[in-house]
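**Q** Model the following, please.
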Amino acid sequence: MSKIYSFPPLAAKSADKLILGSIPGEESLRQQQYYAHPRNMFWKIMGTIFDFDPAIQYEDRISKLLENRIALWDTVHNCHRPGSMDSDIRQEEPNDFETFFKEYSGIKRVFFNGQTAHRLFMKHTRTMKLPDVEFHVLPSTSPANASVSFAAKAEAWKTIKLPDQLKRDC
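**A** Numbering: from 1, shown residues only. As a prediction, this is how the structure comes out:
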């Protein structure tokens, strides 16, 4: 089993929110695009919340996130994982969040795309010096999280548009 690597962060200096997944799945790695699996609801949810067509070109979808001051990245820098299931992530190494938060110091809220992204972030950042930011765990947009409806996921993800609440959900 070979090692897989996450993508570089997509962020602008104006970012005040960060969405963290775990690590890209096979289809995302193949296409070199965040959330590329056709059944992943991420782009459909973002389009609903920020009023854009999720079928627009990938670069345009990224621009829409950046326009809304959202950065996009993953918790895991590299790992061993057969397939795309988060439960199969092994020997993971985290991304460098200390450097990231220094470079993007305007980020005040972090939104985890699912429990695994949150769990791995907390596991690997315990000893890191991180800024005081809000953490929010949201339902995974992955097709593996099929027990939660699109409507329920979209409603939960609307939190991303609310003003800072100066607290942590986790």
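**Q** The closest residue to Trp43 other than its chain neighbours sits in which helix or strand?
**A** The spatially closest residue to Trp43, leaving aside those adjacent along the chain, is Pro54, at 4.1 Å (Cβ to Cβ, 6 or more residues apart in numbering). The C-beta positions use only the backbone N, C-alpha and C, and glycine is treated the same way. Using DSSP states H and E, Pro54 maps to neither a helix nor a strand.
**Q** what sits against Pro54?
**A** Trp43, Lys44, Met46, Gly47, Arg61 (Cβ atoms under 8 Å, 6 or more residues apart in numbering).
**Q** ok, these vs Met122, which is closest?
**A** Met46 (24.4 Å; Cβ to Cβ).
**Q** wait, doesn't that closest one sit right on Glu67?
**A** No - counting by Cβ atoms under 8 Å, Met46 sits too far from Glu67 to count as a contact (11.4 Å).
**Q** And these two? Which one has more around it.
**A** Neighbours around Met46 and Glu67, counted as other Cβ atoms under 10 Å, are more numerous at Met46. The numbers are 24 against 12.
**Q** Helices of the protein, start to end?
**A** 26-31, 42-50, 58-67, 97-103, 115-125, 150-157 (DSSP state H).
**Q** Tell me, please, where in the chain the pLDDT is lower than the cut-off.
**A** By pLDDT under 70, the low-scoring segments of the chain are 1, 84-87, 164-170.
**Q** Need the residue closest to the centroid of this structure.
**A** Taking Cα atoms, centre = their mean as the criterion, Leu20 is the residue nearest the geometric centre of the chain, at 2.6 Å.
**Q** before we move on, back to that, in a markdown table: the helices of the chain, plus distance to Val137.
**A** Formatted as a markdown table, the helices of the chain follow (distance: least, Cβ to Cβ, whole Å):
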| stretch | distance to Val137 |
| --- | --- |
| helix 26-31 | 21 |
| helix 42-50 | 15 |
| helix 58-67 | 19 |
| helix 97-103 | 16 |
| helix 115-125 | 5 |
| helix 150-157 | 9 |
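**Q** The ones you listed: which one's closest to Ala15?
**A** Comparing these under Cβ to Cβ, the one sitting nearest is helix 58-67, at 7.5 Å.
**Q** now the closest one and helix 42-50, what's the angle there?
**A** Following axes from the mean of the first three to the mean of the last three Cα atoms, to 10 degrees, one obtains 50 degrees for the angle between helix 58-67 and helix 42-50.
**Q** helices and strands around helix 58-67, which ones?
**A** Counting contacts by 3 or more Cβ pairs under 8 Å, 6 or more residues apart in numbering; DSSP states H and E, the secondary-structure elements packed against helix 58-67 are helix 42-50, strand 70-74.
**Q** mind listing what's buried in the shortest one?
**A** Which is strand 70-74. Ile70, Ala71, Leu72, Trp73, Asp74 (16 or more other Cβ atoms under 10 Å).
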